[in-house]
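S.K.: My questions are about this predicted structure, shown below with the sequence.
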Amino acid sequence: MHRTEQEQAVLIREISGVDTKKCMKCGKCSASCPAYEEMDIRPHQFVSYVQNGNVQALLESASIWKCLSCFACVERCPRDVKPARLIEAVRLMVIRQRGENALTANEIPELLNEELPQQLLASAFRKYSK
């Protein structure tokens, strides 16, 4: 079933539980993001894209895989918008559309090393096991 971008934006808001209208575009979420330099669409832009129904760009964005799921953006938001939840909702939509996870279980061991922080492992589990 093909949905319009507006219908997909509504679905993203439902999955995430985020009210994008609360965003005042202050950029504090992006300023606190440790993956900011790696992202093609920043956390504050995710909110705007969903609000404006520009979902296709989000579905094709590398940012959904670059997000560390550390929730720093959620902590810094003065309006409790939760951009990371939007990013996770878009990631989940992509995974569902593909009918698979982004990484297979066999690929994960070769990505691990002893210097990785444990938070990264928990984040990766959350990111790739939905």
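M.R.: In hand now; what should we look at?
S.K.: my read: Ala9 touches Val50, true?
M.R.: Yes. Counting by Cβ atoms under 8 Å, Val50 is a contact partner of Ala9 at 5.2 Å. Placement of C-beta: from N, CA and C, glycine included.
S.K.: Just want to know which of those two has more residues nearby.
M.R.: Between Ala9 and Val50, Val50 has the larger neighbour count (other Cβ atoms under 10 Å), namely 26 against 21.
S.K.: SS state for that one?
M.R.: Assigned state for Val50: helix (three-state reduction, DSSP: H, G, I helix; E, B strand; the rest coil).
S.K.: can you tell me which residues contact Val74?
M.R.: Val74 is in contact with Cys29, Lys82, Pro83, Ala84, Arg85, counting by Cβ atoms under 8 Å, 6 or more residues apart in numbering.
S.K.: Inside helices: which ones of those residues?
M.R.: Mapping those onto helices (DSSP state H) picks out Cys29, Pro83, Ala84, Arg85.
S.K.: Quick one: the residues you listed as JSON lines, columns for neighbour count and distance to Ser63 too.
M.R.: Shown next, in JSON lines, are these (neighbours: other Cβ atoms under 10 Å; distance: Cβ to Cβ, whole Å):
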{"residue": "Cys29", "neighbour count": "27", "distance to Ser63": "13"}
{"residue": "Pro83", "neighbour count": "28", "distance to Ser63": "10"}
{"residue": "Ala84", "neighbour count": "24", "distance to Ser63": "11"}
{"residue": "Arg85", "neighbour count": "20", "distance to Ser63": "14"}
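S.K.: quick revisit: closest one of the contacts of Val74 to Pro109?
M.R.: Pro109 lies nearest to Ala84 out of these, by Cβ to Cβ, at 26.3 Å.
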